[in-house]
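Enquirer: Sequence and predicted model, in that order:
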Amino acid sequence: MVKIGQWRKPAGGLPLVVAGLAALSLASCNDKNEYVPPPPPKVTVAPPLQQDATLYMELTGNTTAINQVDLSARVQGFLTSINYVDGQTVKAGTTLFGIQRDTYQAQLDQANAAVASAQAAQENKQLEYNRQSTLVQQQVASVAKADDAKAQLDQAIAATQQAQADAEVATINLGYTEVKAPFDGIVSNHLQDVGALVGYSGPTKLATIVQMDPIYVYFTVNERQVLLIKEQLTKRGKTLRDIHDIPVEIGLATETGYPHKGVIDYIAPTLDQNTGTLSVRGVFDNKDYAMLPGLFARVRVPLQTQKNALLVDDTAISTSQVGSYVLVLGKDNTVDQKVVEPGQLEGQLRVVTSGLAADDKVIVGGNQRAVPGSKVDPQDGAMSTNTATTNAAPPPNP
């Protein structure tokens, strides 16, 4: 019987337990703890895509109305009618405002009466001159009387011409009582109400009319860009005089790419010495009024077509202190870093103008696991072929 608190020696068990622990300890000391490196990371590689690429000069500009004028009252009177709805599109020649006509109609009638009176007086003087000329030939009247009749006839002719000029002025003033659209366009809200006295202290602004189609886009190029454009035109056998053959494309702030196509129709003859830039203008169809005057626009002008240009996925290009670079597969599946000169973006692909060879295998997938100088497990892939132009950051200015 064992009492509580007493220890009982195991019968022959303790030596066996100790021996077993010792054997396990010796076995552990004989195992080797070696490091096994992880397998190389998998990356996707693809050669650059070779295809013809149009090189562009990308700039910024603003849209401007091709015609925009203020409609003003040029004669004094009360405004009698407003013949359009604010913001309405009108055709050239449409009467937009009416001004009190009765005074100017009376002045025209008075002027026409003066013309009739002067013509009657001229006819009378003409008869008198003819009579005196006949009497002189018959040696009945003196030459002096004939000369006096000729002078009076000349005065009558001058009076008739003066009366006719006054009638023309009166006709013009009467025409000014109708303010008409000088061209097709959209008319702004009216600034004067019916019954207002206008034109009493000079021309009174009534509204503004803006021609929306076509529309201008103005932009500027610097001196170096001007010389580059001239160089490209020279290669094509053209000069700056052939500006109507130069296409231009624009995109608005909320648009993708450059959906609007036009042509350059004006280049300033001289550089602005204060800014060192040259003003250029493009003209675009705007039948649906998609563009409004005063909008910011991204502008690009094609310079040349580069044959067999090298393009890589834009995400494969990274930037560091040394500049832009791509990671390529080197010897023995080792990652190499190549400094490149990126060009413009074509869809998802970026043109590489220098630093890359056509047979290079560019790492386009798993770039975050690729470290220059380390080995990788390459998997063959392909560059994206989606070359639809996107709203991309422009390449460095030429």
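Expert: Cool, got the structure.
Enquirer: ranges for the strands of the stretch 201-350 of the chain?
Expert: 204-222, 247-252, 260-267, 277-284, 296-313, 318-320, 323-329, 335-339, 341-346, 349-354 (DSSP state E, counting those that start in this stretch).
Enquirer: The fifth one pairs with which strands, and in what direction?
Expert: Looking back up the chat, that one is strand 296-313. Strands that pair with strand 296-313, judged by DSSP bridges, come out as strand 49-73 (antiparallel), strand 247-252 (antiparallel), strand 349-354 (antiparallel).
Enquirer: distance of residue 157 from residue 85?
Expert: Counting by Cβ to Cβ, to the nearest Å, the gap from residue 157 to residue 85 is 51 Å. C-beta here means a position set from N, CA and C on the backbone, and glycine is covered the same way.
Enquirer: Of these two, give the one with the bigger neighbour count.
Expert: residue 157 (16 against 11; other Cβ atoms under 10 Å).
Enquirer: In three-state terms, label that one for me.
Expert: helix (DSSP: H, G, I helix; E, B strand; the rest coil).
Enquirer: now it: how far from residue 377?
Expert: According to Cβ to Cβ, residue 157 stands 107 Å off from residue 377.
Enquirer: Could you do residue 45 as well?
Expert: 10 Å.
Enquirer: ok, now which ones touch the closest residue to residue 206 other than its chain neighbours?
Expert: Using Cβ to Cβ, 6 or more residues apart in numbering and skipping residues adjacent in sequence, the residue nearest residue 206 is residue 71, 4.8 Å away. When contacts are counted by Cβ atoms under 8 Å, 6 or more residues apart in numbering, residue 71 touches 96-97, 179, 181, 187, 205-209.
Enquirer: in this structure, what spans have low per-residue confidence?
Expert: 1-32, 140-141, 240, 242-243, 385-398 (pLDDT under 70).
Enquirer: domains in it, as residue ranges please.
Expert: What automatic domain parsing lists as the domains of the chain is 44-52+306-380, 58-65+211-305, 76-100+177-202, 101-175.
Enquirer: Could you save the ones you listed as JSON lines and add columns showing distance to residue 36?
Expert: Converted to JSON lines, the domains of the chain look like this (distance: least, Cβ to Cβ, whole Å):
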{"stretch": "domain 44-52+306-380", "distance to residue 36": "16"}
{"stretch": "domain 58-65+211-305", "distance to residue 36": "51"}
{"stretch": "domain 76-100+177-202", "distance to residue 36": "77"}
{"stretch": "domain 101-175", "distance to residue 36": "100"}
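Enquirer: Specify the beta-bridge partners of residue 264.
Expert: Here residue 264 shows beta-bridge partners residue 282, assigned using DSSP bridges.
Enquirer: So it versus residue 274, what's the distance?
Expert: 23 Å.
Enquirer: What is the helix ranked longest in the chain packed up against?
Expert: Taking DSSP state H as the criterion, the chain has its longest helix at helix 102-137. Secondary-structure packing of helix 102-137 (3 or more Cβ pairs under 8 Å, 6 or more residues apart in numbering; DSSP states H and E): helix 143-175.
Enquirer: related to what we said a few turns ago, between residue 264 and residue 274, which one's more packed in?
Expert: More crowded of residue 264 and residue 274, by other Cβ under 10 Å: residue 264, with 21 against 6.
Enquirer: Would you mind giving the strands of the stretch 201-350 of the chain as CSV with distance to residue 115 added?
Expert: Below are those laid out as CSV (distance: least, Cβ to Cβ, whole Å):
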stretch, distance to residue 115
strand 204-222, 31
strand 247-252, 56
strand 260-267, 47
strand 277-284, 47
strand 296-313, 56
strand 318-320, 83
strand 323-329, 82
strand 335-339, 87
strand 341-346, 71
strand 349-354, 76
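Enquirer: returning to what we had before: quick check: which of the strands paired with strand 296-313 is nearest to residue 360?
Expert: In terms of Cβ to Cβ, the element of the strands paired with strand 296-313 nearest to residue 360 is strand 349-354, at 9.7 Å.
Enquirer: what's the following helix or strand after the closest one?
Expert: Counting by DSSP states H and E, the element after strand 349-354 in chain order, helix or strand, is strand 362-365.
Enquirer: gap between residue 52 and residue 346?
Expert: To residue 346, residue 52 is 11 Å away according to Cβ to Cβ.
Enquirer: neighbour count winner among those two?
Expert: Neighbours per residue (other Cβ under 10 Å) separate residue 52 from residue 346, with residue 346 holding more: 22 against 9.
Enquirer: who does the more buried one bridge with?
Expert: In beta-bridge terms (that is, DSSP bridges), residue 346 pairs with residue 349.
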